[in-house]
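Enquirer: Here's a sequence, model it:
(2 chains)
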Number of protein chains: 2
Amino acid sequence: MAVMSKGERTRNTILDAAVALACVGGFESLSIGSLADRVGMSKSGLFGHFGSREELQIAAIEAAAERFAELVFRPALEAPRGVARLTAMIDNWLTWVERCGWDGGCPLEGAIHEFDDRPGPVREAVVKHFSRLERELARMIRLCVDTGEFAGNLDVDLFVFRLMGVVMAFHYRRRLMGGSRAEAVTRAAFALLIKESAPQARFNQ
Amino acid sequence: MAVMSKGERTRNTILDAAVALACVGGFESLSIGSLADRVGMSKSGLFGHFGSREELQIAAIEAAAERFAELVFRPALEAPRGVARLTAMIDNWLTWVERCGWDGGCPLEGAIHEFDDRPGPVREAVVKHFSRLERELARMIRLCVDTGEFAGNLDVDLFVFRLMGVVMAFHYRRRLMGGSRAEAVTRAAFALLIKESAPQARFNQ
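Expert: All right, here's what the predicted structure looks like:
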């Protein structure tokens, strides 16, 4: 890893605090003023790093997306291609909120609801993360077809869609409903999805 | 329907405006002040209806939950018990955001992300809605077992979980990703869930 300059380290510290705030109050709660208080810098110092509130919001979303890539995507790529890699991806994904170092829910999933009806560059940053996530998932699923673990006629996009649903329902059950069964039911749902996609399953699409 | 008093009508008008605001900025954006401006009443007039901001937030969540019951649950009960009723429920659910009369996403789903880590009576109002929703879904699914359309050993809670995921992924695809395929993939996911739960399916749990 390249050595970071002092400016880069400061920027990372600011963004870490920004995502921490967003995990609780949302990215819309971020302002140069609230963040300056939090990191003990002057507003003008912060403006030196981020020219506007919007620029700060986008950089915070990108920082969260980068942490996601670091904790979820990249370690999964070390697993052998096929169901093993897809399973590693899911394992990393289901535990990432605990491991990301921020308190609160998944900041990126929270951003869906904040920005889905607010057109503009912040929304585009959220869409960019989820487009990349769906693209990477589709690639991992196609590799399961290549290894013969999934049926050749599998509808890959439908699998991605169902997988997104499983993870969203997991966060809802775990964080809102507080069910101790959340993880077990999520793993059962994922296992079913895998089984239903096998070449010998009746209901491939 | 009982005739509403003038006070009840005023209260309903206020709550309708409150949910409209929450659909865009969230329930946390609600305040007696912002709402007074919106409905053209004095703050003290609003305090006559809601003693505190928290009371207003709870009443707004209950108003959204009541609209959901009116547009989604109750009409589904007119369909014959079994898969027909469950399908009617899903049809009503997938279209309710368009029919609810508020602009923006599903206010109740948005509230999950706002309040999942904010203990207190507002969160409890959100949990109450989703507990009721899950209970009603479980009842509809058990009726599909009773009619013989679903396998006797079906894991009803797992079905509820997967169904919640399908609807959450639908809102995400439809509202954030803007995919024209959102509705088709959602209906395909729901159809698969039904097929996989049939008595002759291989993978019932």
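Enquirer: Now do the helices in chain A.
Expert: A:6-25, A:32-39, A:43-49, A:53-68, A:74-76, A:83-99, A:107-115, A:121-146, A:156-171, A:182-196 (DSSP state H).
Enquirer: quick one: which of these is nearest chain B?
Expert: Closest to chain B of these, according to CB to the nearest CB: helix A:156-171, at 2.9 Å. C-betas here are computed from N, CA, C, even on glycine.
Enquirer: got the angle between the closest one and helix A:121-146?
Expert: Interaxial angle, helix A:156-171 versus helix A:121-146 (axes from the mean of the first three to the mean of the last three CA atoms, to 10 degrees): 120 degrees.
Enquirer: do helix A:156-171 and chain B meet?
Expert: Yes - remark: helix A:156-171 sits within contact range of chain B at A:157-158, A:161-162, A:164-169, A:171, by CB under 8 Å from any CB of the partner chain.
Enquirer: coming back round to it: just tell me which of the helices of chain A ends up closest to B:Glu78.
Expert: Using CB to CB as the measure, helix A:156-171 is the one of the helices of chain A that comes nearest B:Glu78, at 27.5 Å.
Enquirer: any idea how far that closest one is from the chain center?
Expert: Here helix A:156-171 is found 13 Å from its chain centre; the criterion is CA atoms, centre = their mean, to the nearest Å.
Enquirer: Ok, stretch A:77-92 next?
Expert: Mean-position distance between stretch A:77-92 and its chain equals 16 Å (CA atoms, centre = their mean).
Enquirer: Where does the prediction get shaky in chain A?
Expert: Per-residue confidence of chain A (counting by pLDDT under 70) places the weak regions at A:1-2, A:202-205.
Enquirer: Now mean neighbour count too, for the helices of chain A, in JSON lines please.
Expert: Output for the helices of chain A, formatted as JSON lines (neighbours: other CB atoms under 10 Å in any protein chain shown):
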{"stretch": "helix A:6-25", "mean neighbour count": "17"}
{"stretch": "helix A:32-39", "mean neighbour count": "16"}
{"stretch": "helix A:43-49", "mean neighbour count": "14"}
{"stretch": "helix A:53-68", "mean neighbour count": "20"}
{"stretch": "helix A:74-76", "mean neighbour count": "15"}
{"stretch": "helix A:83-99", "mean neighbour count": "18"}
{"stretch": "helix A:107-115", "mean neighbour count": "24"}
{"stretch": "helix A:121-146", "mean neighbour count": "18"}
{"stretch": "helix A:156-171", "mean neighbour count": "23"}
{"stretch": "helix A:182-196", "mean neighbour count": "18"}
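Enquirer: Switch those over to JSON lines; also include distance to B:Thr186.
Expert: As requested, the helices of chain A are arranged in JSON lines below (distance: least, CB to CB, whole Å):
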{"stretch": "helix A:6-25", "distance to B:Thr186": "29"}
{"stretch": "helix A:32-39", "distance to B:Thr186": "38"}
{"stretch": "helix A:43-49", "distance to B:Thr186": "41"}
{"stretch": "helix A:53-68", "distance to B:Thr186": "25"}
{"stretch": "helix A:74-76", "distance to B:Thr186": "27"}
{"stretch": "helix A:83-99", "distance to B:Thr186": "21"}
{"stretch": "helix A:107-115", "distance to B:Thr186": "16"}
{"stretch": "helix A:121-146", "distance to B:Thr186": "15"}
{"stretch": "helix A:156-171", "distance to B:Thr186": "7"}
{"stretch": "helix A:182-196", "distance to B:Thr186": "16"}
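Enquirer: Among the residues of helix A:156-171 next to chain B, which one lies nearest to B:Asp116?
Expert: Out of those, the member with the shortest distance to B:Asp116 (by CB to CB) is A:His171, at 7.9 Å.
Enquirer: is it true that the closest one touches A:Trp96?
Expert: No - using CB atoms under 8 Å, A:His171 is not in contact with A:Trp96; the gap is 10.5 Å.
Enquirer: Now list whatever residues contact both of the two.
Expert: Residues within reach of A:His171 and of A:Trp96 at once, by CB atoms under 8 Å, 6 or more residues apart in numbering or on different chains, are A:Cys106.
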